[in-house]
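Visitor: Fold the stuff below for me.
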Amino acid sequence: MSVPRIVTRNVPQAAFDLLSASGMHPILARIYAARGISGAQQLDTSFNGLAPFERLRNCVTMAQLLADAIAAKQRLLIVADYDADGATACALGMIALQSFGAQVEYLVPNRFEYGYGLTPEIVALAAARRPDFLITVDNGIASIDGVAAASELGIRVLITDHHLPAAQLPAAACIVNPNQPGCDFPSRNLAGVGVMFYVLLALRAELRARRWFGGRDEPNLADLLDLVALGTVADVVRLDDNNRIAIDTMTRDLRECNRVLSSSATDLQLEDYDGFTITYTFSPTLKTLTRTKAATSKTLLTGCEALSFSLGQRNTVAGTFDQFPASTPSQAKVVDVSWRCSRSILGVRANTEAVQTAKIVIRKQGT
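Guide: Below you'll find the predicted structure:
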């Protein structure tokens, strides 16, 4: 009988040497080097470790356009994709833009009727809201006809997207996409919600430079990293250095009891909240909603405001926060996602013949 042999895995020697020289234990240095870590700075998952928004092409320009629009009290309308990435990007944009003082509403198209992206039909639907700007989240990079239709109506389009562009780009007022030509942003793996987060970072900096906030406290965008993390994981993008910061911040925040995450479909303890739980419990739940007509309208509640949005439901959802008054205390932070979904949801596949109710709640402990 042959005796099993233990074979030592080869690791990048230069990376191993750099990590060891930083004072790291040789075993940890080997593990990290084998996983593509070449410097101790890559292990910094603090918020300050995010790549600067100035490196994301057109991000500053879009922030300036949005700051001008907010100051002029122009109407903004977010046009969101219908999957988990698009939904979290929509919620993120609504929450942050409203906290900046913007007049903002949103529109989530019915995927079964309108398909994907900013189509001319969606533009016609959006035009009824009389917006000055359309802001796409997690879509738009391929919407040449839709942008043209908006331009004919005098509506300017701001595109935030992460999908690969074609040879021709839409003639939008501004495009922010880490994968567009000429962009040297270090993380091309941003999800749509991550792109929107960067635009908001740049917008806050622009408003700060204009002394927009005066003596008021500036919105803390780090408080919204839970939405960024959830959308990032659900979209199954690569967890590079930049994306890892959002994920780590969310799971660390949960473990420190700032929020309690629970699901009626599971029985999880606080210490169970990690990347695995997000990936294989909550993200599949959200993603399945985009694959079945059995899904109904969902509600995101944050603070004393509510955002109702749709993931694959039969009716297009449009609205503003004040149309959905929250029943929670103003100090509570709640994300409540309820729907009718498949009993096999935790198996990451949908069986629409057997439908039951599932619910995910993220709320501040003690509320």
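
Visitor: what about the stretch 101-250 of the chain, any weak spots by pLDDT?
Guide: The stretch 101-250 of the chain contains residues with pLDDT under 70 at 111, 250.

Visitor: Could I get the full set of strands for it?
Guide: Taking DSSP state E, counting those that start in this stretch as the criterion, the stretch 101-250 of the chain carries its strands at 103-108, 133-137, 156-160, 174-176.

Visitor: What ranges does the stretch 101-250 of the chain have for its helices?
Guide: Applying DSSP state H, counting those that start in this stretch to the stretch 101-250 of the chain gives helices spanning 111-114, 120-127, 144-152, 192-209, 225-234, 241-255.

Visitor: Adding distance to residue 159 and mean neighbour count, write these out as JSON lines.
Guide: For glycine as for every other residue, the C-beta is placed from the backbone atoms N, C-alpha and C. JSON lines is the format used below for the helices of the stretch 101-250 of the chain (distance: least, Cβ to Cβ, whole Å; neighbours: other Cβ atoms under 10 Å):
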{"stretch": "helix 111-114", "distance to residue 159": "17", "mean neighbour count": "14"}
{"stretch": "helix 120-127", "distance to residue 159": "13", "mean neighbour count": "19"}
{"stretch": "helix 144-152", "distance to residue 159": "8", "mean neighbour count": "19"}
{"stretch": "helix 192-209", "distance to residue 159": "10", "mean neighbour count": "24"}
{"stretch": "helix 225-234", "distance to residue 159": "17", "mean neighbour count": "27"}
{"stretch": "helix 241-255", "distance to residue 159": "21", "mean neighbour count": "20"}
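
Visitor: Quick one, which of those gets closest to residue 160.
Guide: Nearest to residue 160 among the helices of the stretch 101-250 of the chain is helix 192-209 (4.7 Å), distances taken as Cβ to Cβ.

Visitor: Please work out the angle formed by the directions of the closest one and helix 225-234.
Guide: Counting by axes from the mean of the first three to the mean of the last three Cα atoms, to 10 degrees, helix 192-209 lies at 150 degrees to helix 225-234.

Visitor: So which elements touch helix 192-209?
Guide: Contact partners of helix 192-209 among helices and strands, from 3 or more Cβ pairs under 8 Å, 6 or more residues apart in numbering; DSSP states H and E: helix 59-71, helix 84-99, strand 133-137, strand 156-160, strand 174-176, helix 225-234, helix 241-255.

Visitor: mind checking the SS state of residue 77?
Guide: Three-state assignment for residue 77 (DSSP: H, G, I helix; E, B strand; the rest coil): strand.

Visitor: What distance do you get for the nearest residue to it once chain neighbours are set aside to residue 104?
Guide: Nearest in space to residue 77, with sequence neighbours left out and distances taken as Cβ to Cβ, 6 or more residues apart in numbering, is residue 131 at 3.8 Å. Here the criterion is Cβ to Cβ, to the nearest Å. By it, residue 131 lies 9 Å from residue 104.

Visitor: Show me whatever sits in contact with both of the two.
Guide: Among the neighbours of residue 131, those also in contact with residue 104 (Cβ atoms under 8 Å, 6 or more residues apart in numbering) are 75-77.

Visitor: Let's have these in a markdown table, adding distance to residue 249, neighbour count and pLDDT.
Guide: Conversion of the shared contacts of residue 131 and residue 104 to a markdown table gives the following (distance: Cβ to Cβ, whole Å; neighbours: other Cβ atoms under 10 Å; pLDDT from 0 to 100):
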| residue | distance to residue 249 | neighbour count | pLDDT |
| --- | --- | --- | --- |
| 75 | 33 | 15 | 98 |
| 76 | 27 | 22 | 98 |
| 77 | 29 | 22 | 96 |
